[in-house]
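> From the sequence below, what's the structure:
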Amino acid sequence: MSAPLLTPEEFRETFAAMQAELGRVIVGQAAVVERLLIAFFAGGHALLEGVPGLGKTLLAKSFAQTLGLSFKRIQCTPDLMPADVLGTQLVVDRNGHKSFEFSRGPVFTHILLADENNRDTP
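Numbering: from 1, shown residues only. All right, here's what the predicted structure looks like:
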């Protein structure tokens with residue numbers, strides 16, 4: 001069973017409330033907040049570009065908190081490996097019995113920020 005759809009007025013109210021909540025944390029970036037919300041409701045991804053110190057990480061983290069979603073961040077570097085993103089199998093010793101256990105990487109989250117993506121390898 002799917003969730004009931006919002007009426008256009010309910011959607012406008014929800015959008016405005018989220019915009020106001022994020023605007024309390026991200027000051028002076030109303031257009032960026034609006035575009036992030038549009039990308040979210042359109043079911044897409046968002047590319048946040050800008051010089052350091054504009055609050056891109058704070059925006060992504062605050063966005064996740066506003067919606068009650070989990071948030072993780074990946075620092076992209078030239079030596080970033082797939083296991084750094086996806087996770088890896090670890091050997092776990094429990095009472096003398098060794099077994100493999102999957103340790104989830106940061107990709108297993110609702111909102112994922114790949115920071116400094118320009119530094120990552122192709």
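> which stretches of this structure form helices?
For the chain, applying DSSP state H gives helices covering 8-25, 30-41, 56-67, 82-86.
> count of residues packed around the closest residue to residue 104 other than its chain neighbours?
Spatially, and ignoring its direct neighbours in sequence, residue 104 is nearest to residue 87 (4.5 Å; C-beta to C-beta, 6 or more residues apart in numbering). Backbone N, C-alpha and C define where each C-beta goes, glycine included. Applying other C-beta atoms under 10 Å, we find 15 residues neighbouring residue 87.
> What residues does residue 87 make contact with?
Applying C-beta atoms under 8 Å, 6 or more residues apart in numbering to residue 87 gives the contacts 102, 103, 104, 105, 107, 108.
> Packed most tightly, which of the helices of the chain would that be?
Among those, the stretch with the highest mean neighbour count (mean count of other C-beta atoms under 10 Å) is helix 56-67, at a mean of 17.
> Including mean pLDDT and distance to residue 50, could the helices of the chain go into CSV?
Conversion of the helices of the chain to CSV gives the following (pLDDT from 0 to 100; distance: least, C-beta to C-beta, whole Å):
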stretch, mean pLDDT, distance to residue 50
helix 8-25, 94, 16
helix 30-41, 94, 8
helix 56-67, 94, 6
helix 82-86, 93, 23
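> could you redo those helices as TSV and give each row distance to residue 93?
Formatted as TSV, the helices of the chain follow (distance: least, C-beta to C-beta, whole Å):
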stretch	distance to residue 93
helix 8-25	44
helix 30-41	43
helix 56-67	35
helix 82-86	20
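> Out of the ones you listed, the one nearest residue 97 is which?
Proximity to residue 97 (C-beta to C-beta) singles out helix 82-86 among the helices of the chain, at 24.2 Å.
> just checking, what packs against that closest one?
If you count contacts as 3 or more C-beta pairs under 8 Å, 6 or more residues apart in numbering; DSSP states H and E, helix 82-86 packs onto no helix or strand.
> Now it - C-alpha only, PDB.
Extracted as PDB, the C-alpha positions of helix 82-86 are listed here (Å, rounded to 0.1, in the frame of the first residue of the first chain):
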ATOM      1  CA  PRO A  82      35.500   0.900  -3.800                       C
ATOM      2  CA  ALA A  83      35.600  -0.700  -0.300                       C
ATOM      3  CA  ASP A  84      35.800   2.800   1.100                       C
ATOM      4  CA  VAL A  85      32.400   3.500  -0.400                       C
ATOM      5  CA  LEU A  86      30.700   0.100  -0.400                       C
END
